[in-house]
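Participant: Everything below, folded, please.
(chains A and B)
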Amino acid sequence: MATIMLDELGFAYPGVLEPTLLPLSLEIKDGEAFALLGASGAGKTTLLNLLSGLLVPTTGRILFDGVDVSTQSGSQRNLAQVFQFPVLYESLCVADNLAFPLRARKATNGFSASDIQARVAKIAGELSIENLLKLKPKTLSLFEKQLVAIGRALMRPNVSVVLLDEPLTAVEPRTKWQLRQSLKRLQEELGVTMIYVTHDQTEALTFADRVAVMADGRILQTASPQQVYEHPAHEFVGFFIGSPGMNFVAIKSAGSEQMYAANGVDQSAQRIGFRPEWARLENVSAACTSPAVRWQGKVLHCQILGTQAGAPVGITTLASEAGELKVRGAINAIVGDEIEVVVDRFISFIDEEYCATHHAQSSTDYLANTADE
Amino acid sequence: MATNKPYDNRAWLGVLPVLLIVAFSAVIPLMTVVNYSVQDILDFNSRFYVGLDWYRETLQDPRFIDAFGRQVLFSFSVLAIEIPLGILVARGLPKSGVWTSILLILLAVPLLIPWNVVGTIWQIYARSDIGLLGVGLNELGLAFNYTSNPTHAWLTLIAMDVWHWTSLVALLSFAGLTSVPPAYYQAAELDGASKWQVFRYVEMPRLGGVLVIAVLLRLMDSFMIYTEPFVLTGGGPGNATTFLSQYLATMAVGQFDLGPAAAFSVIYFLFILLFCWIFYNSVMSDDNEAQHHD
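Facilitator: Numbering: from 1, shown residues only, chains lettered A, B, ... in the order given. As a prediction, this is how the structure comes out:
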């Protein structure tokens, strides 16, 4: 287990002008569950390959516990990896597959046969695969195979880091959550540093202590799942995380300057963003002069996701003066209704980057405030 | 409606073309040979049924037994060289790039040369008076002459077969190796596997299937080898390189002993079938054991 430091790490494929990975610095703590989240092409696989030693960085360094490993091979770095599909030694039984990393390094790590057997029993016990130990991989289901592959990655007690490259891709949806839970539990119990690479926000947000959201070869934000959700550092983070993602409204295009200024929005902010559940739907009020952040719109469609206290809840999509907006909550309108979107909370962005969080004043607050003046 | 499927025996007519082709290309010729093998044919009008006499005679014929021994020795020698060498060549090939295509084409060249031409090439190449190899070896002080020395004749034949057929094993192995996903190599690297372990546990399991095909093809082909030794050594010196097919050809075409030659052919055919069957089953039973653990 090791603390991993990336120091101005960058990578460009030879002959390609645009670097695939812009220089980035990052520290992953010993025993941390870390996730790299991004759409395909964001550079997360490049970063993973740099970590695993498959690629050599063009700039910067990778440090494992303070030791520069940038030019070391994957086996020298003593790390393990779980791949998108289960990678097992097909001619070996499950027990031998698990023992393989320890046996291959027997000469250097000094493990005796009984040590190895004990470790196999321990890991198999953790994953509840004791009954599979004598089987050959081809008799296993995809789910069981991936469990064994995860087990093999965890065999070395001194492994510096376990890299997980979208390990649930091949597993069928029904067993996905099961595998995810096993992974999380093992990570906590064994205290292994894990880096989980995925494009699936649910996987990243449920697995990791900290998430790094990547786009276009950059890390846009590194924070706890809650932070990433509630305080996206970049518009892309707000858009990419959440289902559906944030609504964005250009300040110039909709609403008066006064409306934003009343909520304390910085003058240089170009856009505001809000989560679908940070807004409400209200009937169009007769007096439309209230300066709270609100727009009129027409319901385009309603997606019912369930009921709460007997009333339907879900996502309402509207065409408003501020563009298409999505609102999550009680569905109290039907398609074609003229309705008002009232935003209780929003974030302002300057040059796509986080500026501030604003709690919109309700119209009564506003009236109360003006009365005081 | 699943219960009301039309049922019509005329569907059997659909397999008729295949039956006819197989009958005329394989079954009828084979049966003709079987028919000859139990008769003594003096001329077209006088033939006598002799039962299994020709079989008994063939199996006791010392020339047959010698040729059979040579045949087995030859087949196993070339297999023992070509299979490992082919795998080695395949592993040495780059996985992708311009060189891969160029090398693959170069490898395929020996396979495209007609067999009698291969024999002629080596017949001239190894000659001790004008051949590059023969003269070269003699210049180095080795008294090499494949026309008079049986060992030299054997070595030349084996060298020729290895030159001719290693490419096939290499190409098949290469196809097998390309089916190994890169992640397997990476996983082995991260596990700290040695080069031998990578070969043994990552590549060999994937090569299994193609190697079975390669061994079967080479076993059958080398067991039936005729043209190349016929052109290269003519079976000599003496009978040193006379293999089964050449002995058979002498018997059937040279001496027109149709009955014994037919019995010989049937025995020959059964031996090849037997070897392939034994090999295939021994390889496949390993696999089945693995599956029966469930």
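
Participant: Excluding sequence neighbours, find me the nearest residue to residue A:18.
Facilitator: In space, residue A:18 comes closest to residue A:12 once its chain neighbours are excluded; the distance is 7.4 Å by Cβ to Cβ, 6 or more residues apart in numbering or on different chains. From N, CA and C alone the C-beta is placed, and that goes for glycine too.

Participant: Which phi and psi values does that neighbour adopt?
Facilitator: Dihedral angles of residue A:12 (phi, psi; degrees, to the nearest 10) stand at phi -130, psi 130.

Participant: What about residue A:307, how many residues nearby?
Facilitator: When neighbours are counted by other Cβ atoms under 10 Å in any protein chain shown, residue A:307 registers 12.

Participant: now swap in residue B:33 and tell me
Facilitator: If you count neighbours by other Cβ under 10 Å, residue B:33 ends up with 18.

Participant: residue contacts, residue B:115?
Facilitator: B:164, B:227-228 (Cβ atoms under 8 Å, 6 or more residues apart in numbering or on different chains).

Participant: Residues of chain B that sit close to chain A?
Facilitator: Contacts of chain B with chain A, taken as Cβ under 8 Å from any Cβ of the partner chain, map to B:181, B:183-184, B:186-187, B:189-194, B:197, B:201-202, B:204-206, B:290-291, B:293-294.

Participant: Give the ChimeraX command for selecting the buried subset of those residues.
Facilitator: A single ChimeraX command suffices to select whichever of the residues of chain B next to chain A are buried according to 16 or more other Cβ atoms under 10 Å in any protein chain shown:
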select /B:184,186,187,189,190,191,192,193,197,201,202,205,206,290
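
Participant: Restricted to helices, list the residues of chain B next to chain A.
Facilitator: Counting by DSSP state H, these place B:183-184, B:186-187, B:189-191, B:197, B:204-206, B:290-291 in helices.

Participant: got the phi/psi numbers for the residue lying closest to residue A:257 once chain neighbours are set aside?
Facilitator: Among residues not flanking residue A:257 along the chain, residue A:251 sits closest, at 8.0 Å (Cβ to Cβ, 6+ apart). Dihedral pair for residue A:251: phi -60, psi -40, per degrees, to the nearest 10.

Participant: Buried residues in the helix or strand harbouring residue B:175, which are they?
Facilitator: Assigned by DSSP states H and E, residue B:175 belongs to helix B:150-178. By neighbour count on 16+ other Cβ under 10 Å, the buried set for helix B:150-178 is B:152-154, B:156-162, B:164-174, B:176-177.

Participant: go on, stretch B:39-49?
Facilitator: Those would be B:39-41, for stretch B:39-49 by 16+ other Cβ under 10 Å.

Participant: any idea which of the residues you listed is closest to chain A?
Facilitator: Nearest to chain A among these, counting by Cβ to the nearest Cβ, is residue B:39 at 52.2 Å.

Participant: my guess is the closest one meets residue B:259, correct?
Facilitator: Yes. Between residue B:39 and residue B:259 there is a contact at 5.6 Å, judged by Cβ atoms under 8 Å.

Participant: So for the two, which residues contact both of them?
Facilitator: Both residue B:39 and residue B:259 are contacted by residue B:50, under the criterion Cβ under 8 Å, 6+ apart.

Participant: For residue B:209, grab the count of nearby residues.
Facilitator: Neighbours around residue B:209, by other Cβ under 10 Å: 15.

Participant: cool, and residue B:273?
Facilitator: Close neighbours of residue B:273, defined as other Cβ under 10 Å, add up to 11.

Participant: What strand or helix carries it?
Facilitator: Per DSSP H and E: helix B:258-291 holds residue B:273.

Participant: Summarise which helices and strands that helix is packed against.
Facilitator: With contacts defined as 3 or more Cβ pairs under 8 Å, 6 or more residues apart in numbering or on different chains; DSSP states H and E, helix B:258-291 has these neighbours: helix B:28-37, strand B:39-41, helix B:53-60, helix B:204-223, helix B:244-249.

Participant: and among those, the most buried is which?
Facilitator: helix B:244-249 (a mean of 21; mean count of other Cβ atoms under 10 Å in any protein chain shown).

Participant: and it, what does it pack onto?
Facilitator: Applying 3+ Cβ pairs under 8 Å, 6+ apart, we find helix B:244-249 packed against helix B:62-92, helix B:227-232, helix B:258-291.

Participant: And the very next helix or strand once past the first one, what does it pack against?
Facilitator: Secondary structure here is assigned by DSSP H and E; on that basis, the next helix or strand after helix B:62-92 toward the C-terminus is helix B:98-112. For helix B:98-112, the elements it packs on are helix B:150-178, judged by 3+ Cβ pairs under 8 Å, 6+ apart.

Participant: what's the distance between residue A:233 and chain B?
Facilitator: 33 Å (Cβ to the nearest Cβ, to the nearest Å).

Participant: swap in residue A:28?
Facilitator: Distance of residue A:28 to chain B, given as Cβ to the nearest Cβ: 18 Å.

Participant: For that residue, which residues count as its bridge partners?
Facilitator: When assigned by DSSP bridges, residue A:28 has beta-bridge partners residue A:4.

Participant: wouldn't it be in contact with residue A:4 here?
Facilitator: Yes. Assessed by Cβ under 8 Å, residue A:28 is found in contact with residue A:4 at 4.2 Å.

Participant: low-scoring stretches of the stretch 1-150 of chain A, by residue?
Facilitator: For the stretch 1-150 of chain A, the stretches flagged by pLDDT under 70 are A:1.

Participant: Near chain B, which residues of it are found?
Facilitator: Counting by Cβ under 8 Å from any Cβ, the stretch 1-150 of chain A sits next to chain B at A:52, A:54, A:73-75, A:79-81, A:83-85, A:87, A:89-92, A:100-101, A:104-105, A:134-136, A:138-139.
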